[in-house]
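1. sequence-free structure coming up:
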C-alpha cells in the first residue's frame, strides 16, 4: 500500500475508509493521542455522506486539516467539524489528534 503523500490526502483516504468501515486502515494511520482514544465501536450506525475540506497545510513533519464531514445517524443528518493534526514519522503521515467544534 502506498502511503498518502500529504496530510490532506491521508484525511481523504481515512474518510473513504470510514465509509467502507475499514477500521484496520483507520487504526494503522493513527498515532499518539488519537490512537489511545480510538474506539472501534464508535461509528456503528453512521452513514457517511460527504467530506468538505476547508483548510489544509503542512510544514516539515507537521500538518493540519480542517474539515466538515456530513453523516446520517438514526435517520438524522449531522455534521462533524474537526481540526485534525498530523505528523510525519519515518516518511509516513499519521493522524495524531482532532479538535471537534
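-> All right, it came through fine. Fair warning: this is a prediction, and the values are worked out from it, not measured in the lab. Residues are numbered from 1 along each chain as shown.
2. Was I right to think residue 45 contacts residue 74?
-> Yes. Taking CB atoms under 8 Å as the definition, residue 45 is a contact partner of residue 74 at 6.7 Å. Every C-beta, even on glycine, is put in place using the N, C-alpha and C of the backbone.
3. buried ones in the helix or strand of the chain with the lowest mean pLDDT?
-> Lowest on mean pLDDT, DSSP states H and E among the helices and strands of the chain sits helix 32-37, with a mean of 90. By neighbour count on 16 or more other CB atoms under 10 Å, the buried set for helix 32-37 is residue 34.
4. which helices and strands sit right next to it?
-> strand 92-100 (3 or more CB pairs under 8 Å, 6 or more residues apart in numbering; DSSP states H and E).
5. residues making contact with the strand it packs on?
-> With CB atoms under 8 Å, 6 or more residues apart in numbering as the test, strand 92-100 has contacts from 3-7, 10-11, 14, 29-34, 63, 80-88.
6. mind checking how far the least confident helix or strand of the chain is from the chain centre?
-> 12 Å (CA atoms, centre = their mean, to the nearest Å).
7. Give the next helix or strand downstream of it.
-> Later in the chain than helix 32-37, the nearest helix or strand by DSSP states H and E is strand 46-59.
8. For the helix or strand following that following strand, which helices and strands make contact with it?
-> Tracing the chain past strand 46-59, the next element assigned as helix or strand by DSSP H and E is strand 62-73. Other helices and strands packing on strand 62-73, by 3+ CB pairs under 8 Å, 6+ apart, are helix 7-19, strand 46-59, strand 76-89.
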